[in-house]
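Asker: Need a 3D model of the following:
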Amino acid sequence: MVFYETFVLIHGKFPASETKLLMRETARVIVERDGALFRILDLGWRHTASSIHKKGIGHIFYGRWYSLIWGGGPKAKKEVEETLVHNTGVVRQLTVPIKSQKKFYTNRSTYYPLIKPMTPPLTHHVPMPDVKS
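Answerer: Residues are numbered from 1 along each chain as shown. Prediction:
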């Protein structure tokens, strides 16, 4: 089994219920081709670097990104790509094979870097014993 990561950009005018159905359809395609879907990440709303023109929709400046991590054969990859290409809500999609587990997409825990405390923890304080009356 080959592991893949698929990135999908869905435009802002596409309803949330239709997006949910699209993800279910993609999952069904993967599972029916003897594959396994491991994770679907909602990466949130992002602006594109330049406008994208899609027939029937117009110019698109932002959209919602999703990441699907899954495993399957070459037939499953082809079917997933065809499912996403022929959907009106999908603006861009990219499926890439994953060489190792370390190459998976990981979210940042925070936008700002973590700052280590300047002082050591206070160790001279001792907890008060429970006093029972």
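
Asker: pLDDT weak spots in this structure?
Answerer: Across the chain, the ranges flagged by pLDDT under 70 are 102-133.

Asker: Would you state the helices of it in chain order?
Answerer: 16-32, 74-85 (DSSP state H).

Asker: OK, contacts around Arg39?
Answerer: Neighbour list for Arg39: 67-69 [criterion: Cβ atoms under 8 Å, 6 or more residues apart in numbering]. Where you see a C-beta, it was placed from the backbone N, CA and C, and this is true even at glycine.

Asker: cutoff 6 Å now
Answerer: Contact analysis of Arg39 by Cβ atoms under 6 Å, 6 or more residues apart in numbering lists Ile69.

Asker: Which parts of this structure are strands?
Answerer: Ranges of strands within the chain are 2-11, 36-54, 58-72, 90-97, based on DSSP state E.

Asker: Quick check: which of those strands is buried the most?
Answerer: strand 2-11 (a mean of 20; mean count of other Cβ atoms under 10 Å).

Asker: re earlier: go through the helices of the chain and name the closest to Leu94.
Answerer: helix 74-85 (9.3 Å; Cβ to Cβ).

Asker: Bridging across strands, which residues link to the nearest residue to Ala27 once chain neighbours are set aside?
Answerer: Nearest non-adjacent residue to Ala27, counting by Cβ to Cβ, 6 or more residues apart in numbering: Leu37, 4.9 Å away. Under the criterion DSSP bridges, Leu37 forms beta bridges with Trp70.

Asker: For Leu37, give me its contacts.
Answerer: Per Cβ under 6 Å, 6+ apart, neighbours of Leu37: 27, 30, 70.

Asker: can you put these in CSV and add distance to Phe3?
Answerer: Listed next are the contacts of Leu37 as CSV, based on distance: Cβ to Cβ, whole Å:
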residue, distance to Phe3
Ala27, 16
Ile30, 12
Trp70, 7
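
Asker: Just give me the closest of those residues to Phe7.
Answerer: The nearest one, if we look at these relative to Phe7 and count by Cβ to Cβ, is Trp70, at 12.3 Å.
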